[in-house]
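*Asks:* Could you work out the structure for the sequence below:
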Amino acid sequence: MKTRSLRTPVALGLLLAASGSALAQSAASNVTLYGTIDQYLGYMRSSTGKSLWGVNDGAILRSRLGLKGYEDLGGGYAATFTLENGFAGDTGGLADSTRLFDRQSWVGIKTPEAGEFRMGRQNSVPFFIGGAIDYTERTTYGSIINTFGVPSRFDNDLSWKSPRWAGFQFDVHYAMPETAGEGLGRRGVYQFGLDYTNGAYRAGYAGLMAKPNAGGLYDNTVQYHNVYFDYDYGPGKVYLAYVRSNNSTANANGNNAATILNNVSNPNNYFAGNDPNIQRFYNVYQVSADYRLTPQLRIGALYGVMVDTSHKDGGAQGGNVGAYYDLSKRTTLYGFANYMKNQANAGWRFSGSAGPGSNLAGADINGKSLVGLQMGILHRF
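*Replies:* Just a heads-up that it's a prediction; the model follows:
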């Protein structure tokens, strides 16, 4: 009995010591639970007369739940991580039922002079600079760049983001293919970003390149190049953006119904190289501006043109007008009126930050004009 009584205080002491150590470590660490819930009432109508209403998730930001962490390692170094899950707020379902953290899952080291190094599933460089593209952060129905499709995130991604040096910041990624018998270099997704800020001005480039699997009919490289320029004139901003890409089929279901490079794929099997559309490049031009009428109310408009450089009438044009009203720092009401016109052989359709739960397709988008309304609420926590 005495032996047992001696062991109990020792064990309790060890537990308290361990708890104290954990508390001391947590004092130098920071783990944050965060997320967004973005729900809207959407309306679409085709020039065929077909229309639909729906409650949808993510006009501006896909609903999500995440954990991000920061541990001070001393000397200006820190360990960082992000785990982020997307979900459909209108149904409660997972955005991707095959993944727990479909949006982000990475760990990294931040250094005092060389920037941050990360590895894991990460947002792409073109996705990251959405706020520099237009006043809607390139996500609403009316954004032609969003309609064309933006490479969003990839697995097995190694990245480096520099500090901002004299206004310049670099962002470099390589998503590894992890294919047996194939070394580094040929395949995988290469990304590069350069962002420059100087007072009221911001400009930059974000792009990626990826080779198809060996043995496909076409060996063309998938490319996505985005150049942007912003001017902050005080009560608002002016946004100019240009995209050139042959990855033409992200949000479509009609004459543009296939997907060349999966925008959220695993690099182990990107694309077979059998789609002839990989040889067709599009140029997308977009201009946008906003204006803050009051501290709470911001209005804006955008217009964009998608040009099919193969001259096969596969492009589109359109835009929107909209408004944001901030109820608080975390909660915003918004509304957008959108329009898009497909060329004769184009089959593009509306999409938000998340694809609508139901959408127009086929004969109701091929060569047709579309109008759409979005009215919703965004809450951040």
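*Asks:* what about residue 173, how many neighbours?
*Replies:* Neighbourhood size, residue 173 [other C-beta atoms under 10 Å]: 23. All C-beta atoms are positioned from the backbone trio N, CA, C, and that covers glycine.
*Asks:* For residue 191, see how far away it is.
*Replies:* Residue 173 is 4 Å from residue 191, where distance means C-beta to C-beta, to the nearest Å.
*Asks:* Please identify every residue contacting each of those two.
*Replies:* Taking C-beta atoms under 8 Å, 6 or more residues apart in numbering as the contact rule, residue 173 and residue 191 both touch 124, 125, 159, 208.
*Asks:* Find the centremost residue of this protein, please.
*Replies:* Nearest to the mean C-alpha position of the chain, by C-alpha atoms, centre = their mean, lies residue 127 at 3.8 Å.
*Asks:* Quick one: classify that one as helix, strand or coil.
*Replies:* helix (DSSP: H, G, I helix; E, B strand; the rest coil).
*Asks:* Just to check, it is in contact with residue 151?
*Replies:* Yes: using C-beta atoms under 8 Å, residue 127 is in contact with residue 151, at 6.8 Å.
*Asks:* what's the closest of the shared contacts of residue 173 and residue 191 to residue 331?
*Replies:* Ranked by distance to residue 331 (C-beta to C-beta), the shared contacts of residue 173 and residue 191 are led by residue 124 at 28.4 Å.
*Asks:* which residue sits closest to that closest one, ignoring its sequence neighbours?
*Replies:* residue 151 (4.8 Å; C-beta to C-beta, 6 or more residues apart in numbering).
*Asks:* just to confirm, which helix or strand has that neighbour in it?
*Replies:* Assigned by DSSP states H and E, residue 151 belongs to no helix or strand.
*Asks:* That one: how many residues sit nearby?
*Replies:* 27.
*Asks:* List the residues that contact it.
*Replies:* Applying C-beta under 8 Å, 6+ apart to residue 151 gives the contacts 124, 126, 127, 189, 208, 224, 247, 261, 263.
*Asks:* Return the set of buried residues in stretch 332-340.
*Replies:* When burial is assessed from 16 or more other C-beta atoms under 10 Å, stretch 332-340 yields the following buried residues: 332, 334, 335, 336, 337, 338, 339, 340.
*Asks:* Looking at the residues you listed, which one is closest to residue 372?
*Replies:* For those, the nearest to residue 372 is residue 338 (4.2 Å; C-beta to C-beta).
*Asks:* separation between the closest one and residue 297?
*Replies:* From residue 338 to residue 297 the distance is 20 Å (C-beta to C-beta).
*Asks:* which intervals of the stretch 251-381 of the chain have sub-threshold pLDDT?
*Replies:* By pLDDT under 70, the low-scoring segments of the stretch 251-381 of the chain are 251-254, 256-259, 263-270.
*Asks:* Tell me who's in contact with residue 306.
*Replies:* Residue 306 touches 144, 147, 148, 282, 283, 284, 315, 316, 317, 346, 348, counting by C-beta under 8 Å, 6+ apart.
*Asks:* and it, what are its bridge partners?
*Replies:* Assessed by DSSP bridges, residue 306 has beta-bridge partners residue 284, residue 316.
*Asks:* Repeat that for residue 334.
*Replies:* residue 324, residue 376.
*Asks:* and if you look at residue 120?
*Replies:* Under the criterion used (DSSP bridges), residue 120 bridges to residue 106, residue 157.
*Asks:* okay but it is in contact with residue 157, surely?
*Replies:* Yes: under the criterion of C-beta under 8 Å, residue 120 makes contact with residue 157 at 6.6 Å.
*Asks:* intersection of neighbour lists for these two?
*Replies:* residue 106.
*Asks:* more neighbours, those two?
*Replies:* Legend: neighbour count by other C-beta under 10 Å for residue 120 and residue 157, higher for residue 157 (24 against 18).
*Asks:* Helices along the stretch 251-381 of the chain, start to end?
*Replies:* Counting by DSSP state H, counting those that start in this stretch, the stretch 251-381 of the chain has no helices to list.
*Asks:* Okay, strands next: where are they in it?
*Replies:* Here the stretch 251-381 of the chain has its strands, by DSSP state E, counting those that start in this stretch, at 282-292, 297-308, 316-326, 331-342, 369-380.
*Asks:* follow-up on the earlier one: neighbour-wise, which of the contacts of residue 306 leads?
*Replies:* Result: residue 348 is most packed of the contacts of residue 306 (other C-beta under 10 Å), 31 neighbours.
*Asks:* Look up how far residue 163 lies from residue 355.
*Replies:* For residue 355 relative to residue 163 (C-beta to C-beta), the value is 36 Å.
*Asks:* Those two: which is more packed in?
*Replies:* Using other C-beta under 10 Å, the more surrounded residue of residue 355 and residue 163 is residue 355, with 19 against 14.
*Asks:* how far away is the more buried one from residue 243?
*Replies:* 19 Å.
*Asks:* With residue 322 instead?
*Replies:* Residue 322 sits 21 Å away from residue 243, going by C-beta to C-beta.
*Asks:* Okay, the residue nearest to residue 124 and residue 138: tell me how far apart.
*Replies:* To residue 138, residue 151 is 12 Å away according to C-beta to C-beta.
*Asks:* Also residue 189?
*Replies:* 20 Å.
*Asks:* Residue 132 too?
*Replies:* For residue 132 relative to residue 138 (C-beta to C-beta), the value is 9 Å.
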